[in-house]
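S.K.: Sequence below, structure please.
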Amino acid sequence: MDPGLQQAFNPLAPSQDTAMHVPAGSVTSHLGTSSRGYFYFTTASLALCLVFAVVTIMVLVVQKTDSIPDPPGKFHLKGGNCSEDILCILERAPFKKSWAYLQVSKHINKTKLSWNKDGIIHGVRYHDGNLVIQFPGWYFIICQLQFLVKCPEHSVDLKLELLINENVKKQTLVTVCESGVQTKSIYQNLSQFLLEHLQVNTTISVNVDKFQYVNTNTFPLENVLSIFLYSSSD
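M.R.: Numbering: from 1, shown residues only. A predicted model of the protein is given here:
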């Protein structure tokens, strides 16, 4: 081709370097925009799913609550947050054959706890700190205790034990008041639960290693022992 014509056509054809070279900043900006768009879309989708799940759960809870009939009797014994929830569950539950709700006695002088006899007891006997089973079956046992420890110069181990026929079945152990830490007093909650198959005349009791720290003044209604018959063997 004539050199003049070749020179005339060359400016119209992009060079290899121009065609292959793309600024790095342009690519990064494009990828960043795509990533942000994907992130926003994913976040919005997850939020929508979460809202839908919460609404569904609330509807099911309301339906379940409405389906449970109110109990014929009204009890005036009421506790604080957790213990009141336990009592509410027991009052509204369909089982009424065997259950109990007791608050700890204010006069604690030994490791084995005693309980107020004026609590709610139905289908269970109470004797010398023990709940005595009258109907065989699977029982759900719940115990909650509040402790107030005025810290000495050493650590303190708080232990709660659930006993069946005087044998430890389950326990909770917490260490408070660490050595070298300046703390005047510590509030500590201990709770334990157990699902156990029990026979007639089986005893249920609670032991506390440091019974002197059980707080019966600040939270007198938060120290409770409760059981109910989950499934009867009759």
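
S.K.: Domains in this structure, by residue range?
M.R.: Here the domain parsing of the chain from automatic domain parsing is 17-67, 81-232.

S.K.: Scan the helices and strands of the chain for the one with the lowest mean pLDDT.
M.R.: Every helix and strand in the chain was compared by mean pLDDT, DSSP states H and E; the lowest is helix 16-20, with a mean of 45.

S.K.: Please, where are all the helices along the protein?
M.R.: 3-9, 16-20, 24-67, 81-92 (DSSP state H).

S.K.: circling back to that earlier point, which stretch in the domains of the chain has the least confidence?
M.R.: Of all the domains of the chain, the minimum mean pLDDT falls on domain 17-67 (a mean of 55).

S.K.: mind listing the strands in this structure by residue range?
M.R.: Per DSSP state E, the chain carries strands over the ranges 99-103, 120-122, 124-127, 130-133, 137-150, 156-164, 167-176, 185-198, 203-208, 224-232.

S.K.: What pairs with the third one, parallel or antiparallel?
M.R.: What it means is strand 124-127. According to DSSP bridges, strand 124-127 has the following sheet partners: strand 130-133 (antiparallel).

S.K.: Show me which residues of the partner strand are buried.
M.R.: Residues of strand 130-133 classed as buried under the neighbour-count rule (16 or more other C-beta atoms under 10 Å) are 130, 131, 133. In this view, the C-beta of every residue, glycine as well, is placed from N, C-alpha and C.

S.K.: Could you do stretch 137-156 as well?
M.R.: Residues of stretch 137-156 classed as buried: 137, 139-147, 149, 151, 156 (neighbour count, 16+ other C-beta under 10 Å).

S.K.: Stretch 106-125 now?
M.R.: Buried residues in stretch 106-125, counted by 16+ other C-beta under 10 Å: 108, 112, 113, 114, 115, 119, 120, 121, 124.

S.K.: The second one against residue 209, yeah?
M.R.: No - the criterion here is C-beta atoms under 8 Å, and residue 112 misses it with residue 209 at 11.1 Å.

S.K.: Enumerate the beta-bridge partners assigned to residue 148.
M.R.: On the basis of DSSP bridges, residue 148 is bridged to residue 187.

S.K.: which ones are touching it?
M.R.: By C-beta atoms under 8 Å, 6 or more residues apart in numbering, the contact list for residue 148 reads 185, 186, 187, 188, 213, 215, 217, 218.

S.K.: Ok, residue 195 next?
M.R.: By C-beta under 8 Å, 6+ apart, the contact set of residue 195 is 138, 139, 140, 141, 230.

S.K.: swap in residue 197?
M.R.: Contact partners of residue 197, counting by C-beta under 8 Å, 6+ apart, are 136, 137, 138, 139, 233.

S.K.: Which residue is the nearest non-sequential neighbour of residue 113?
M.R.: Nearest non-adjacent residue to residue 113, counting by C-beta to C-beta, 6 or more residues apart in numbering: residue 206, 4.7 Å away.

S.K.: Would you quantify the distance from the closest residue to residue 173 other than its chain neighbours to residue 217?
M.R.: With sequence-adjacent residues excluded and distances taken as C-beta to C-beta, 6+ apart, residue 173 is closest to residue 159, at 4.8 Å. Counting by C-beta to C-beta, to the nearest Å, the gap from residue 159 to residue 217 is 21 Å.

S.K.: ok, now residue 224?
M.R.: 16 Å.

S.K.: Between those two, which has more neighbouring residues?
M.R.: Under the neighbour definition other C-beta atoms under 10 Å, residue 224 and residue 217 were set side by side, and residue 224 has more, 26 against 9.

S.K.: close enough to count as contact, that one and residue 120?
M.R.: No - the pair residue 224 / residue 120 is not scored as a contact, 10.5 Å apart, by C-beta under 8 Å.
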